[in-house]
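J.: Model the following, please.
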Amino acid sequence: MVDAAVDAAVGYLRTSAMWMRASLAYRTSFWMLTIGGFVVGGLDMVGIWILFQTIDRLGGFSLTEVAFLYGAAGFGLAVADMIVGQVERVGQLVRLGKLDVMMVRPLPLLSQVCAEQFALRRVSRVLLTAGILTWGAAYVDWTPLRAAVTVSMLMSGVVIFAAVWITFATIQFWTADSAEIANAFTYGGSTVTQYPLAIYPSEVIKALTFAVPLAFVNWYPALYVLDRDDPLGLPTAFQFASPVVALVLTGIAALAWRTGVRHYTSTGS
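T.: This next block holds a predicted model:
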């Protein structure tokens, strides 16, 4: 199992490095897309800042606390998108017959799919959200445990989004054209969790806790870091459960991917 993981990592790094070299061959285009992504992504936070010019609190949270939530959710999505986001193209790879070519290569299939057309320009979103998170974190009353929970939150957030992406992308082995299903739970989930979940009905919070547990990306650990009470009064253990949720979702994603690959019977062309 260790050897397989090493092979997957090496294969991913080699493939992504090839695409990075290709993108850097057109430096002007690369920097324009990178800077453009940074500016466009920053408009969301500008919109939140404008909103706070008319209100003092959103769902009981201050601007810097919302920035902390926004940065944590955005960082998890941005890193996951850069690393595995290309898995949403599996349906296109099936239709074009490219998946068949990948399957005969001596590299793990998932690492090839995720590294296909690796877009280094997406690092702009990572840097942007990290900057917003840092700004929000500057107003936190830090302790060693809160720092540890924050690191755990960021790592778990990346894994949770990546697992959700892979799990829903495997639906395309059966439908071949349903990439938007995964996007609804990743991009859409990030948009929802960037704001305090206290502004939503309790049914939404429960769905994001027990159905598609994206609330563990930032909401529950942030409640502990920001020293806020849970509006649903759920057990305090939930605020430390993000790594467990990430591990469970990783197992589900692995099972879903293996099932999809076993179901795949080639394009027939």
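
J.: residues touching residue 257, list them.
T.: 110, 166, 167, 170 (CB atoms under 8 Å, 6 or more residues apart in numbering). All C-beta atoms are positioned from the backbone trio N, CA, C, and that covers glycine.

J.: Quick check: it vs residue 243, distance?
T.: To residue 243, residue 257 is 21 Å away according to CB to CB, to the nearest Å.

J.: One more: residue 174?
T.: Distance from residue 174 to residue 243, by CB to CB: 31 Å.

J.: ok, the two, which is more surrounded?
T.: For the pair residue 174 and residue 243, the greater number of neighbours falls to residue 243 (16 against 11), based on other CB atoms under 10 Å.

J.: tell me which element that one falls in.
T.: helix 242-263 (DSSP states H and E).

J.: What residues of that helix count as buried?
T.: Buried residues in helix 242-263, counted by 16 or more other CB atoms under 10 Å: 242, 243, 245, 246, 249, 250, 253, 256, 257, 260.

J.: Make a markdown table out of these and add distance to residue 89 and pLDDT.
T.: Shown next, in a markdown table, are these (distance: CB to CB, whole Å; pLDDT from 0 to 100):
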| residue | distance to residue 89 | pLDDT |
| --- | --- | --- |
| 242 | 28 | 97 |
| 243 | 29 | 97 |
| 245 | 26 | 97 |
| 246 | 24 | 97 |
| 249 | 21 | 97 |
| 250 | 21 | 96 |
| 253 | 17 | 95 |
| 256 | 17 | 94 |
| 257 | 14 | 93 |
| 260 | 14 | 90 |
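
J.: Need these in TSV (columns: distance to residue 100).
T.: Output for those, formatted as TSV (distance: CB to CB, whole Å):
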residue	distance to residue 100
242	38
243	37
245	35
246	32
249	29
250	27
253	23
256	20
257	17
260	15
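
J.: Contacts only, for residue 49.
T.: residue 63.

J.: Buried residues, the helix or strand hosting it. List them.
T.: Residue 49 is part of helix 27-51 when elements are defined by DSSP H and E. Of all the residues in helix 27-51, those buried under the rule 16+ other CB under 10 Å are 30, 33, 34, 37, 38, 41, 42, 44, 45, 48.

J.: cool, and stretch 149-162?
T.: 149, 150, 152, 153, 154, 156, 157, 158, 159, 160, 161, 162.

J.: do stretch 100-115 as well
T.: Here stretch 100-115 shows 102, 107, 108, 109, 110, 111, 112, 113, 114, 115 as buried, counting by 16+ other CB under 10 Å.

J.: Pick out the lowest-pLDDT one from those residues.
T.: Lowest-confidence member of the buried residues of stretch 100-115: residue 107, scoring 81 (pLDDT).

J.: which ones are touching the residue nearest to it when sequence neighbours are not counted?
T.: Of all residues not flanking residue 107 in the chain, residue 11 sits nearest, at 3.7 Å (CB to CB, 6 or more residues apart in numbering). Residues near residue 11 by CB under 8 Å, 6+ apart: 107, 108, 111, 112, 115.

J.: residues in contact with the residue nearest the centre of the chain?
T.: Centroid-nearest residue in the chain, with CA atoms, centre = their mean: residue 77, separated by 2.7 Å. Applying CB under 8 Å, 6+ apart, we find residue 77 in contact with 129, 157, 161, 186, 187, 189, 190.

J.: please redo it, this time with the cut-off set to 7 Å
T.: 161, 186, 190 (CB atoms under 7 Å, 6 or more residues apart in numbering).

J.: The second one: neighbour count?
T.: Read it as residue 186. 25.

J.: average model confidence for the helix holding residue 49?
T.: Here the average pLDDT along helix 27-51 is 85.
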